[in-house]
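In: This is the structure alone, sequence omitted:
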């Protein structure tokens, strides 16, 4: 898909800038006494409006409110926050930065599943943000270290066992992060990363680390990033995976290029700065080979950087009903002595998804004796002994059995806006596509990837975690574009 939309510039006023473009319309206005205001209208890749908002700042304090239409899950949502930022020097060439914020997220269109059909229910969440950062630049060495987090608490009407975990787990996290950069002549390099709590219990740390190598000369800067370990992945985000960033500047001309190799994301922006305004043209290719052409004009200042938003911001139509065939697991002729067999003997017989689903359905029961423990989990052998467990544990038993017979299978823990649940996901040996088992039910959705599988099983998912069924260790977590948009908004 290709789009091209031009804009018309309007006059600008003293102490203000006006950016008109095919992506965003932004108006910044400064007043006396240090008050700064911003009006913004953000569009999805030159298409539908996904955010309109207002922000005011003074002396480290800021107030922001926006109306969101990022997708039909966040349609007509209202986000509001008040935050405070402060910084001070603590020793030679080092700064200590503190940020705190409180906010409200009114999410009007959350999907409430009844397993086969969906309704909509508005939810209000109270958001608390925190960031502590220490950074320094000493000669050719730069470093930073810090911690940040978000806590989301649902409105009191949802303070019950059934709902409380949904909105809390939906956005909450605690992260410790670091960065280290060394510059020698025209070459620079470094490493950065973080550890963050997983969304799905049992809580385990997720680790992301990447190395950077760059070249800096007058008017030229090239940086390439190489992931070393990635356990937290945000769908469609540019700042992950192998990628390169190019910046060139000469007099009043500049060029920026972004290249995301793993998701086929790339773009180029040319800019010319005049005495009273800036003009830039951009072209980008986002996921699914959607091409975008655009132009923007800023009166009274320099054009804001928007290329990354053009690449990763896309309007998503989330399904509102689950889809795909479903059937109960079948075992036409199970051994007469099946109930008396031991763990290893039983596992050796469960050589197909049908048999695994049938066995779970007929021999296990749901146990919730330790659901309030965020760090305890029964492993497959213990689930077999107890003849039951919670959803995570029973799905872990199923995935373990399939793995023993050559299937690629995982326990998949889902955090949605109105559901916390686990399923067993596995690859079909014939087609190489993903299917799932939910207790005794098999759903052969034949999906190309796990994101597509979750869209068919539980539309409106916010996160899912893949776990090793033999140890219940979290191998990785995927966050949806809806979740990332909310987190980025409150962290900005």
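Out: That came through fine. All of these numbers come straight from a predicted model, not from anything done at the bench. Residues are numbered from 1 along each chain as shown.
In: Enumerate every residue touching residue 377.
Out: Neighbour list for residue 377: 201, 202, 392, 393, 396, 472 [criterion: C-beta atoms under 8 Å, 6 or more residues apart in numbering]. In short, each C-beta sits where N, CA and C put it, glycine included.
In: quick one: which of those residues is most hemmed in?
Out: Using other C-beta atoms under 10 Å as the neighbour test, the contacts of residue 377 are led by residue 396, with 29 neighbours.
In: So that residue belongs to a helix, correct?
Out: Yes. Using DSSP: H, G, I helix; E, B strand; the rest coil, the assignment for residue 396 is a helix.
In: Give me the below-cutoff pLDDT ranges for the chain.
Out: Scanning the chain with the threshold set as pLDDT under 70 gives 1-15, 45-46, 111-119, 156-169, 313-316, 371-375, 417-418.
In: Give the residue farthest from the middle of it.
Out: In the chain, the residue that sits farthest from the middle, by C-alpha atoms, centre = their mean, is residue 336; the gap is 48.4 Å.
In: picking up where we left off before, going by distance to residue 438, which of the contacts of residue 377 wins?
Out: residue 392 (12.4 Å; C-beta to C-beta).
In: Would you confirm that that closest one contacts residue 412?
Out: No. Assessed by C-beta atoms under 8 Å, residue 392 is found out of contact with residue 412, at 9.5 Å.
In: May I have the secondary structure class of the residue farthest from the centre of the chain?
Out: Residue 336 ends up coil, using three-state DSSP.
In: Let me see the contact set for it.
Out: Contacts of residue 336 (C-beta under 8 Å, 6+ apart): none.
In: mind checking how far it is from residue 86?
Out: 73 Å (C-beta to C-beta, to the nearest Å).
In: go on, residue 490?
Out: Residue 490 is 18 Å from residue 86, by C-beta to C-beta.
In: More neighbours: which of those two?
Out: residue 490 (21 against 12).
In: Which phi and psi values does the more buried one adopt?
Out: phi -80, psi -20 (degrees, to the nearest 10).
In: which ones are touching it?
Out: Residue 490 neighbours (C-beta under 8 Å, 6+ apart): 79, 81, 101, 103, 105, 127, 129, 150.
In: what's residue 62 in contact with, if anything?
Out: 55, 56, 82, 83, 84, 85.
In: An error on my part: the question was meant for residue 457.
Out: Taking C-beta under 8 Å, 6+ apart as the test, what residue 457 contacts is 322, 324, 423, 436, 438, 443, 445.
In: Any of those buried? List them.
Out: Buried members of the contacts of residue 457, counted by 16 or more other C-beta atoms under 10 Å: 322, 423, 436, 438, 443, 445.
In: Surely the third one touches residue 412?
Out: I take that to be residue 436. Yes. Residue 436 lies in contact with residue 412 (C-beta under 8 Å); the separation is 7.5 Å.
In: related to what we said a few turns ago, and of the contacts of residue 457, the nearest to residue 122?
Out: Nearest member of those to residue 122, counting by C-beta to C-beta, is residue 322, at 21.3 Å.
In: is it fair to say the closest one lies in a helix?
Out: No. With three-state DSSP as the criterion, residue 322 is located in coil rather than a helix.
In: how about it, phi and psi?
Out: According to degrees, to the nearest 10, residue 322 has phi -70, psi 160.
In: how far away is residue 56 from residue 237?
Out: For residue 56, the distance to residue 237 - C-beta to C-beta - is 28 Å.
In: er, residue 326 actually
Out: Residue 326 is 32 Å from residue 237, by C-beta to C-beta.
In: cool, and residue 463?
Out: For residue 463, the distance to residue 237 equals 14 Å [C-beta to C-beta].
In: Pick out whichever of the two has more residues nearby.
Out: residue 463 (23 against 18).
In: Touching, that one and residue 412? I think so.
Out: No. Residue 463 is beyond contact range of residue 412, at 10.7 Å (criterion: C-beta under 8 Å).
In: Mutual contacts of these two, please.
Out: Counting by C-beta under 8 Å, 6+ apart, nothing touches both residue 463 and residue 412.
In: Under a three-state scheme, what state does residue 181 occupy?
Out: Classified using three-state DSSP, residue 181 is strand.
In: Show the contacting residues for it.
Out: Contacts of residue 181 (C-beta under 8 Å, 6+ apart): 141, 142, 143, 188, 189, 190, 212.
In: re the thing from before, sort out for me which of the buried ones among the contacts of residue 457 are in strands.
Out: 423, 436, 438, 443, 445 (DSSP state E).
In: Save the buried ones among the contacts of residue 457 as CSV, and put in distance to residue 307 too.
Out: Shown next, in CSV, are these (distance: C-beta to C-beta, whole Å):
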residue, distance to residue 307
322, 36
423, 38
436, 37
438, 42
443, 40
445, 35
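In: from these, which single one is nearest residue 261?
Out: Taking C-beta to C-beta as the measure, residue 261 sits nearest to residue 445 out of those, at 28.9 Å.
In: Which residue, other than its chain neighbours, is closest to that closest one?
Out: Closest residue in space to residue 445, ignoring its immediate chain neighbours: residue 324 at 3.6 Å, by C-beta to C-beta, 6 or more residues apart in numbering.
In: Now do that neighbour against residue 422, distance only.
Out: The gap separating residue 324 from residue 422 is 18 Å, by C-beta to C-beta.
In: again, but for residue 47
Out: Counting by C-beta to C-beta - residue 47 and residue 422 are separated by 36 Å.
In: and what of residue 184?
Out: Applying C-beta to C-beta, the value for residue 184 to residue 422 is 49 Å.
In: hang on, the earlier thing: common neighbours of residue 392 and residue 412, please.
Out: In contact with both residue 392 and residue 412: 422, 467, using C-beta under 8 Å, 6+ apart.
In: in the chain, which spans are helices?
Out: 164-171, 307-312, 343-349, 353-363, 380-386, 391-403, 450-457, 481-491 (DSSP state H).
In: Show me what the shortest one is packed against.
Out: In terms of contact count using 3 or more C-beta pairs under 8 Å, 6 or more residues apart in numbering; DSSP states H and E, helix 307-312 is assigned the packing partners strand 253-260, strand 265-273, strand 277-286.
In: got the buried residues for the first one?
Out: The neighbour-count criterion (16+ other C-beta under 10 Å) identifies 254, 256, 257, 258, 259, 260 as the buried residues of strand 253-260.
In: ok, the second one to residue 310 distance?
Out: The reference is to residue 256. 11 Å.
In: Now do the buried residues in stretch 31-51.
Out: 37, 38, 40, 42, 43, 44, 45, 46, 47, 50, 51.
In: wouldn't the third one be in contact with residue 51 here?
Out: Looking back up the chat, that one is residue 40. Yes. Residue 40 sits in contact with residue 51 when judged by C-beta under 8 Å, with a separation of 7.0 Å.
In: shared neighbours of the two, which are they?
Out: Counting by C-beta under 8 Å, 6+ apart, the residues touching both residue 40 and residue 51 are residue 66.
In: mind checking how far the nearest residue to residue 296 once chain neighbours are set aside is from residue 299?
Out: Closest residue in space to residue 296, ignoring its immediate chain neighbours: residue 21 at 2.8 Å, by C-beta to C-beta, 6+ apart. Distance of residue 21 to residue 299, computed by C-beta to C-beta: 12 Å.
In: Have a look at those two and say which one is more surrounded.
Out: Neighbour tally, residue 21 and residue 299, criterion other C-beta under 10 Å: the higher count belongs to residue 21, 23 against 19.
In: contacting residues for the more buried one?
Out: Residue 21 neighbours (C-beta under 8 Å, 6+ apart): 7, 294, 295, 296, 297, 306.
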